[in-house]
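Chemist: What shape does this take:
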Amino acid sequence: MANGDTRVRGLAARAGGWSARHRWAAVGIWMLFVVLAMGIGSAVGTVEVKESDQLGGETHTAAKIIEDAGIEEPAGETVLIQAKDGSVKATDAEFRSAVAAVVKAVEGTGKVTDVTSPYDTDTISKDGRSALVQFDMRGDSDTAGERVEPVLEAVDGVRKDHSSLRIEEIGGASMMKTFDDAFGDDFQQAEYSAVPVALGILLIAFGALVAALLPVALALTAIMATTGLMAIVSHFQPMDDTASSVMLLVGLAVGVDYCLFYLRREREERAAGRDAETALRIAAATSGRAVIVSGVTVCVAMAGMLFTGLATFEAMGLASLMVVAVAMVGSVTVLPALLSLLGQRVEKGRLPFLRRRTNGNNGSRFWSAVLKGVLAKPVVSVVVATGALLAVAAPALGMKTQNLTLDQEFGDSLPIVQTYQRLNEAFPGGSDPATVVVNADDINAPEVKDALARFKEQAVSSGASRGPVEIKLHDAQNVAFVYVPLVGGSDQDKAGASLDRLRDEVRPATLGTVDGVRAPITGQVAGNQDFNDQLIGSVVPVFAFVVVFAFLLMLLSFRSLTVAITSIVLNLLSVGAAYGILVAVFQHGWGASLVGAEGVGAIVTWLPLFLFVILFGLSMDYHVFVVSRIREARLRGRSTNEAIKHGVVTTAGVVTSAAVIMVAVFAIFGTLSMQSMKQMGVGLAAAVLIDATIIRGVLLPAVMALLGERNWYLPTWLRRLPDMTHDESPEAVTAGTARDDEGERLTV
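Modeler: Residues are numbered from 1 along each chain as shown. Sure, this is the predicted structure:
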């Protein structure tokens, strides 16, 4: 070899070496794996998460009773008829005429069943200005939105004939159709636009089309393979659409990052004068190892979601874990093979208006200037940076979480949201009633009927509901549904208090007195409460699992107690800052208009835990990459401060490029119409930006500079731990050992 021979050890180095020597076999095996995964996945199909498995608590019990009874709940629809001013009452002839016209119109479509008049069900508001015509859509509730158009048109026809009244339809089917029309392609377009955005940034980073296409190609093939694997795994752990979307986000992020780390190091070594084979070996032993350490750490973080007990979170965690593992394997196998095949052709398609981008040890001028100040005054840097991040994180102490209501999620941009608000004002809780699913050996037994009647009466007399309370019997299945509009309506706190009264006072005194009767209470408010309770109960085990295992992995990977501790602390600090930004923007509304959002007074329930797991995993990408480079420089004999400067400056380009891609992709999701998606996009983008700049560019080098040689401290009693660093400094086997640009012996 022109640059001398080296013997490399370690999984990444061996995998890269084998792939480079058997490049066509490596590429062929990878493509065969992708095709087989997709083919088998398509053949076996995907098992979706059942509604009964999505939540725990009473919501799960209720869904299980309905599922076991074989009851298919139809999509319920409601037509609100309301006087525009106080001049018309429900008892007036004009109002009665409108009600009759609505009933006749919707029945005439042939698409509905069980149409009820407010004069029969007493669904008339206390002020007499509003009334509800209720009915169910025929057919499967999941596809009711596709059949509701004729009904909406019929109701609209009646509205035109009664100009003094508001006549508006709302319900599961009409909301499904409205949101599909308004936002149906919203999320999909964001997913599709993420790829060209990433490609554009990579073009700028590399200045060559072929080099820019490699990370995107690796990420996309990893996503394609994982899609097939998800279908296979779904027969053991059901999946859902949310898991697929999260998998795409994570797969694109880590797939591009891992390839970027590897490719930039290989180009850097070639720019420093190494021949192609030596450059590839060095990249395999250094960046390849960092990819494996990072990938395993991210997988561990994602596995934390398996401890929530929530089917949706378990699906997201498993899908994310799989795509990270696939991207990691692809990065250390097929990527070296492709680089060996392409050789200098990786520079093909160079963009003439971009200067040639090499990554020698000159690094970034900007980060060189920043580091000069940081290393000159590390104490000041730590105090200022930590103080700033703690200040940003401070609002998180007052974080309030809840599942967002319709008006919080979509604002007033859609007419149906205004209908939802008017319905809740006239009939508090009427849009989202609590549903008591009563199951008995004989639902028509006298004692059961008496208990149902007492429950209906006490639900109102206790103050939990203002009525009307409706009971729907399924005699054949011995099941009854009791619909209870909760006092508080769309106010989640007040509605939650009403639900507690039903569960803790009314039910035990009525249905609870009959042996053999089960009466779990479900519905949107109950589902939110059960979800919150289960999520809160899983926070400690998830946090503990992720933090402890990440700590152990860093300890084993760097054989330094100090590095392991600082890694965890810095990651927690960046997550805390992201939480603070979320609360400030979306809960308090500070600067919300800058991101096209609204201060909705709460953070969507699932987001804090989701963000913690995702961010803790993704931030390890940068941390492992930067610290690995610092350690590598230290092993070559540089002083700690010199190693810090070398490691941070030489990785600045790749970390910046990777961070810009992540921020851009996540920011796309911050442009979506749904507030929950905005919260996710802004939270992820802000955290990655903070992590790649303040944490990695200021705090990490400042802390390491203060610690000095203590960065590499490992107590004697821990030295018996498995050594996972042996592949960082293999012995040279010939006298012509490779040397770096400054003449130092290269030990990779």
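Chemist: gap between stretch 582-591 and the chain center?
Modeler: Mean C-alpha position of stretch 582-591 versus that of the full chain (CA atoms, centre = their mean, to the nearest Å) differs by 19 Å.
Chemist: what element comes up after the host helix or strand of Ala105 heading to the C-terminus?
Modeler: Using DSSP states H and E, Ala105 sits within helix 93-108. With elements assigned by DSSP H and E, the helix or strand that comes after helix 93-108 is strand 112-116.
Chemist: My guess is Val654 contacts Cys259. True?
Modeler: No - between Val654 and Cys259 there is no contact under CB atoms under 8 Å: 10.6 Å. Using the backbone N, CA and C atoms, a C-beta is placed for each residue, glycine as well.
Chemist: sorry, back to before: mind listing residues that contact the helix holding Ala105?
Modeler: Contact with helix 93-108 is made by 79, 81, 83, 88-90, 112, 115, 117-119, 131, 133, 135, 151, 154-155, 157-158, 161-162, 164-165, 167, as judged by CB atoms under 8 Å, 6 or more residues apart in numbering.
Chemist: Mind checking which of these are in helices?
Modeler: Cross-referencing those against helices under DSSP state H gives Pro118, Tyr119, Val151, Ala154, Val155, Gly157, Val158, Asp161.
Chemist: Quick one: the strands in the stretch 301-450 of the chain, in order.
Modeler: Ranges of strands within the stretch 301-450 of the chain are 401-402, 434-439, based on DSSP state E, counting those that start in this stretch.
Chemist: circling back: closest to Leu341 among the ones in helices among the contacts of helix 93-108?
Modeler: Val151 (59.9 Å; CB to CB).
Chemist: Kindly export stretch 532-546 (C-alpha atoms) in PDB.
Modeler: What follows is stretch 532-546 as a C-alpha-only set of coordinates in PDB (Å, rounded to 0.1, in the frame of the first residue of the first chain):
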ATOM      1  CA  ASN A 532     -52.400  10.300  30.900                       C
ATOM      2  CA  ASP A 533     -52.500   8.000  33.900                       C
ATOM      3  CA  GLN A 534     -50.700   5.200  32.000                       C
ATOM      4  CA  LEU A 535     -48.200   7.500  30.400                       C
ATOM      5  CA  ILE A 536     -47.300   9.100  33.700                       C
ATOM      6  CA  GLY A 537     -46.900   5.700  35.200                       C
ATOM      7  CA  SER A 538     -44.400   4.700  32.500                       C
ATOM      8  CA  VAL A 539     -42.300   7.900  32.700                       C
ATOM      9  CA  VAL A 540     -40.000   6.700  35.400                       C
ATOM     10  CA  PRO A 541     -39.200   3.200  34.000                       C
ATOM     11  CA  VAL A 542     -38.700   4.700  30.500                       C
ATOM     12  CA  PHE A 543     -36.400   7.500  31.700                       C
ATOM     13  CA  ALA A 544     -34.500   5.100  33.900                       C
ATOM     14  CA  PHE A 545     -34.100   2.500  31.200                       C
ATOM     15  CA  VAL A 546     -32.900   5.000  28.600                       C
END
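Chemist: who's in contact with it?
Modeler: Counting contacts by CB under 8 Å, 6+ apart, the residues outside stretch 532-546 that touch it are 55-57, 300-301, 303-305, 307-310, 401-402, 605-606, 609, 612-613, 616.
Chemist: One more pass at 7 Å, please.
Modeler: Stretch 532-546 has contacts (CB atoms under 7 Å, 6 or more residues apart in numbering) with 55-57, 300-301, 304, 307-310, 401, 605-606, 609, 612-613, 616.
Chemist: cool, stretch 397-412 as well?
Modeler: If you take CB under 7 Å, 6+ apart as the criterion, stretch 397-412 is touched by 417-418, 420-421, 490, 492, 528, 531-532, 579, 583, 587, 598, 600, 602-605, 608, 673-676.
Chemist: 8 Å instead, please
Modeler: Applying CB under 8 Å, 6+ apart, the contact partners of stretch 397-412 are 175, 179, 417-418, 420-421, 431, 490, 492, 524, 527-528, 531-532, 579, 582-583, 587, 598, 600-605, 607-608, 673-676.
Chemist: Can you tell me the closest non-neighbouring residue to Thr109?
Modeler: In space, and not counting its chain neighbours, Thr109 is closest to Pro150: 4.6 Å by CB to CB, 6 or more residues apart in numbering.
Chemist: For that neighbour, the count of nearby residues, please.
Modeler: The local packing of Pro150 (other CB atoms under 10 Å) involves 15 other residues.
Chemist: Pretty sure it sits against Val112.
Modeler: No - Pro150 is not in contact with Val112 according to CB under 8 Å; the separation is 9.5 Å.
Chemist: which residues touch the nearest residue to Leu209 once chain neighbours are set aside?
Modeler: Using CB to CB, 6+ apart and skipping the chain neighbours, the partner closest in space to Leu209 is Gly349 (2.8 Å). By CB under 8 Å, 6+ apart, the residues touching Gly349 are Ala208, Leu209, Val210.
Chemist: of the residues you listed, buried ones?
Modeler: When these are checked for burial by 16 or more other CB atoms under 10 Å, the buried set is Ala208.
Chemist: Now the contacts of Gly349 in TSV, please, with extra columns for secondary structure.
Modeler: As requested, these are exported to TSV (DSSP: H, G, I helix; E, B strand; the rest coil):
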residue	secondary structure
Ala208	strand
Leu209	helix
Val210	helix
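Chemist: can you redo the contacts of Gly349 as a markdown table with distance to Pro395 and pLDDT?
Modeler: Converted to a markdown table, the contacts of Gly349 look like this (distance: CB to CB, whole Å; pLDDT from 0 to 100):
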| residue | distance to Pro395 | pLDDT |
| --- | --- | --- |
| Ala208 | 44 | 78 |
| Leu209 | 44 | 83 |
| Val210 | 46 | 84 |
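Chemist: Which elements pack onto the helix or strand hosting Pro701?
Modeler: If you go by DSSP H and E, Pro701 is part of helix 700-707. Helix 700-707 sits against helix 365-376, helix 378-393, helix 561-582, helix 607-635, helix 640-669, with contacts defined as 3 or more CB pairs under 8 Å, 6 or more residues apart in numbering; DSSP states H and E.
Chemist: Repeat the analysis, applying 6 Å as the threshold.
Modeler: Using 3 or more CB pairs under 6 Å, 6 or more residues apart in numbering; DSSP states H and E, the elements in contact with helix 700-707 are helix 365-376, helix 378-393, helix 640-669.
Chemist: With Leu335 as the reference, name the closest of the ones you listed.
Modeler: Closest approach to Leu335 among these is made by helix 640-669 (14.4 Å; CB to CB).
Chemist: Output the contacting helices and strands for whichever helix or strand comes after the closest one.
Modeler: Later in the chain than helix 640-669, the nearest helix or strand by DSSP H and E is helix 675-690. If you count contacts as 3+ CB pairs under 6 Å, 6+ apart, helix 675-690 packs onto helix 561-582, helix 607-635, helix 640-669.
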